[in-house]
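J.: coordinates only, sequence not included:
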């Protein structure tokens with residue numbers, strides 16, 4: 001194995017540089033999103049309880065149900081938690097490691113067709129892509145799914161179909177978006193007329209899916225109903241007209257960098273390159289495999305209907321592969337191919353540099369230390385989920401629960417007493433959303449409890465301290481570092 005790495009010293013060096021540079025700003029770019037503590041918080045609870053038959057401790061009224069849809073990802077998070085401790089660095093490190101592995105297999109995939117230099121430039125195009133760096137720094141499942149996707153493309157070209165089947169089957173236990181990847185792999189096998197391999201692929205995928213469904217029913221007999229109910233809040237059950245409009249809106253918003261709470265970089269250059277490349281691919285037979293793959297990816301996103309900004313990462317390896325395939329078929333001279341690849345690389349570097357320097361400035365460690373200077377890790381708090389890393393397991397209750405007070409026939413004061421909440425950590429973001437209700441998409445309808453919360457704080461709490469947090473005091477991306485966002489820490493007068 002060591003001898004093979006020595007022979008591939010160029011790509012190993014590139015990956016080492018990628019890993020070292022990215023680990024330096026792993027927790028500062030992008031800002032910490034609540035999805036990250038949401039996932040790691042669930043992993044911590046499952047690790048403590050030693051069962052998947054549990055849910056997030058910070059949601060008690062907000063509807064949550066046990067499931068195995070992320071079980072492989074959770075097991076990986078638990079392993080890293082045991083080794084490195086409970087921190088955002090730990091869970092982002094997982095993504096960085098799998099992204100580094102993705103680069104290695106992307107290079108191996110390119111080497112099947114292209115020269116060493118072209119393969120290194122192609123790998124650099126992915127390594128320096130802003131969306132790839134983003135997913136490498138994000139403690140969600142995208143980096144793992146992307147790794148399996150790139151590995152699968154490599155395995156197809158090497159005719160290692162059993163390993164391919166196993167890889168895709170395992171991916172279903174990481175995130176449902178893996179079915180989009182499976183659709184692409186299905187289309188490639190069909191395009192290659194690999195019908196025998198296609199049958200075994202469908203068999204493996206079907207068995208894995210049936211087992212996944214069975215384990216979910218074991219954990220929750222109402223799994224299908226609960227999954228549909230939750231999916232309906234995300235647009236998964238929309239009719240075809242709404243789904244189409246949402247699909248168009250999704251790509252329009254990505255182009256215009258419009259987002260609610262997710263970081264969305266400027267990726268306009270890739271829209272143009274993808275448009276030109278796909279247009280040319282129609283006339284170049286050899287490149288139609290990747291054209292078909294892009295179309296299947298778009299179809300998969302449309303079918304799933306969950307238009308999440310992070311899922312767009314899967315298109316970028318395909319854009320690079322398609323671009324390189326077109327160059328290889330249009331130009332005979334190697335010098336011209338390298339020149340155009342290098343131009344693409346220069347544009348990529350410029351785009352990524354501008355994006356990183358223009359990204360919202362944030363300091364998560366200061367945010368957490370400011371909270372802990374007033375409130376201990378052992379205190380019970382009503383707080384924004386983005387402060388999850390400041391507290392021990394089971395001590396934080398998220399504001400999203402409050403939307404369901406009336407549905408559960410419980411008042412706010414009863415909720416505070418029931419959960420023995422000692423502190424309320426409140427940003428003026430909640431007041432802003434209450435006055436600008438188009439932003440109820442962030443936490444639900446805050447007006448349903450805002451007046452009661454305001455009255456409770458005035459009559460039953462004392463101000464323990466406050467600090468300004470223009471990065472984590474607001475989750476709406478367009479307002480990060482815009483205006484003044486105060487975090488007030490109130491002590492409940494009657495501690496329980």
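T.: That came through fine. Keep in mind that this is a model prediction, so the values were computed, not measured.

J.: can you tell me the SS state at the residue nearest the centre of the chain?
T.: By Cα atoms, centre = their mean, the chain has its centre lying nearest to residue 140, at 4.1 Å. At residue 140 the chain is in coil, as set by DSSP: H, G, I helix; E, B strand; the rest coil.

J.: could I get the full set of strands for this structure?
T.: Using DSSP state E, the strands of the chain run over 381-383, 396-398, 423-427, 461-468, 486-492.

J.: any chance of those strands in JSON lines, with mean pLDDT, mean neighbour count and distance to residue 135 too?
T.: No exception for glycine: its C-beta is placed from N, CA and C like everyone else's. Formatted as JSON lines, the strands of the chain follow (pLDDT from 0 to 100; neighbours: other Cβ atoms under 10 Å; distance: least, Cβ to Cβ, whole Å):
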{"stretch": "strand 381-383", "mean pLDDT": "95", "mean neighbour count": "26", "distance to residue 135": "27"}
{"stretch": "strand 396-398", "mean pLDDT": "96", "mean neighbour count": "25", "distance to residue 135": "25"}
{"stretch": "strand 423-427", "mean pLDDT": "95", "mean neighbour count": "22", "distance to residue 135": "28"}
{"stretch": "strand 461-468", "mean pLDDT": "93", "mean neighbour count": "14", "distance to residue 135": "31"}
{"stretch": "strand 486-492", "mean pLDDT": "95", "mean neighbour count": "20", "distance to residue 135": "29"}
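
J.: residue 410 contacts residue 418, correct?
T.: Yes - contact criterion Cβ atoms under 8 Å: residue 410 and residue 418 qualify, at 7.3 Å.

J.: show me how this structure divides into domains.
T.: Recorded structural domains for the chain (assignment: automatic domain parsing) are 2-30+65-358, 364-492.

J.: for the record, mean pLDDT for the first one?
T.: Translated: domain 2-30+65-358. Per-residue pLDDT over domain 2-30+65-358 has a mean of 92.

J.: what is the distance between it and the centre of its chain?
T.: Relative to its parent chain, domain 2-30+65-358 has a centroid offset of 11 Å by Cα atoms, centre = their mean, to the nearest Å.

J.: repeat for the shortest one
T.: Distance, stretch centre to chain centre, for domain 364-492: 24 Å (Cα atoms, centre = their mean).

J.: endpoints of it, how far apart?
T.: 26 Å (Cα to Cα, to the nearest Å).

J.: I figured residue 106 was touching residue 123, is that so?
T.: Yes - counting by Cβ under 8 Å, residue 106 touches residue 123, with 5.6 Å between them.

J.: closest one to residue 173 among the strands of the chain?
T.: Evaluated over those, closeness to residue 173 peaks at strand 396-398, with 26.0 Å, by Cβ to Cβ.

J.: what are the boundaries of the helices in the stretch 251-400 of the chain?
T.: With helices called from DSSP state H, counting those that start in this stretch, the stretch 251-400 of the chain shows them at 268-281, 288-304, 315-330, 334-358, 364-372.

J.: so which bits of the second one are buried?
T.: Which is helix 288-304. Buried residues in helix 288-304, counting neighbours by 16 or more other Cβ atoms under 10 Å, are found at 288-294, 296-297, 300-302, 304.

J.: cool, the fourth one as well?
T.: Within helix 334-358, the residues that qualify as buried are 337-338, 340-341, 344, 348, 351-352, 355, counting by 16+ other Cβ under 10 Å.

J.: and which of the residues you listed is nearest residue 311?
T.: Nearest to residue 311 among these, with distances taken as Cβ to Cβ, is residue 355, at 18.4 Å.

J.: tell me the contacts of that closest one?
T.: When contacts are counted by Cβ atoms under 8 Å, 6 or more residues apart in numbering, residue 355 touches 130, 265-266.

J.: same check, this time on residue 379
T.: 391, 395, 422-423.

J.: for residue 363, same thing?
T.: 28, 471.

J.: what's the local residue count around residue 253?
T.: Look at residue 253: counted by other Cβ atoms under 10 Å, it has 15 neighbours.

J.: can you tell me how far it is from residue 477?
T.: Distance, residue 253 to residue 477, using Cβ to Cβ, to the nearest Å: 11 Å.

J.: what do you get for residue 410?
T.: In terms of Cβ to Cβ, residue 410 sits 33 Å off from residue 477.

J.: more neighbours, these two?
T.: Taking other Cβ under 10 Å, residue 410 and residue 477 do not tie; residue 477 has more neighbours (20 against 14).

J.: can you pick out the most distant pair from the contacts of residue 379?
T.: 391 and 422 (11.2 Å).

J.: which one of these two has more residues nearby?
T.: residue 391 (24 against 21).

J.: contact partners for the more buried one?
T.: Contacts of residue 391 by Cβ under 8 Å, 6+ apart are 377-379, 381, 383.

J.: one more time with 10 Å
T.: 41, 57-58, 368, 371-372, 375-381, 383, 425 (Cβ atoms under 10 Å, 6 or more residues apart in numbering).

J.: quick one, which of those are buried?
T.: Using 16+ other Cβ under 10 Å, the buried ones in those are 41, 57-58, 368, 371, 375, 379-381, 383, 425.

J.: before we move on, back to that, joint contacts of residue 253 and residue 477?
T.: What both residue 253 and residue 477 touch, as defined by Cβ under 10 Å, 6+ apart, is the set 259-260, 264, 309.

J.: return the member of these nearest to residue 404.
T.: Nearest to residue 404 among those, with distances taken as Cβ to Cβ, is residue 260, at 20.7 Å.

J.: wait, what's in contact with the closest residue to residue 310 other than its chain neighbours?
T.: Distances taken as Cβ to Cβ, 6 or more residues apart in numbering put residue 142 closest to residue 310, at 5.2 Å, once the chain neighbours are dropped. The contact partners of residue 142, taken as Cβ under 10 Å, 6+ apart, are 95, 98-99, 131-132, 134-136, 174-175, 177, 308, 310-314.

J.: the same query, at a cut-off of 6 Å, please.
T.: 135, 310, 313 (Cβ atoms under 6 Å, 6 or more residues apart in numbering).

J.: now residue 65: how far from residue 128?
T.: Taking Cβ to Cβ, one finds residue 65 at 41 Å from residue 128.
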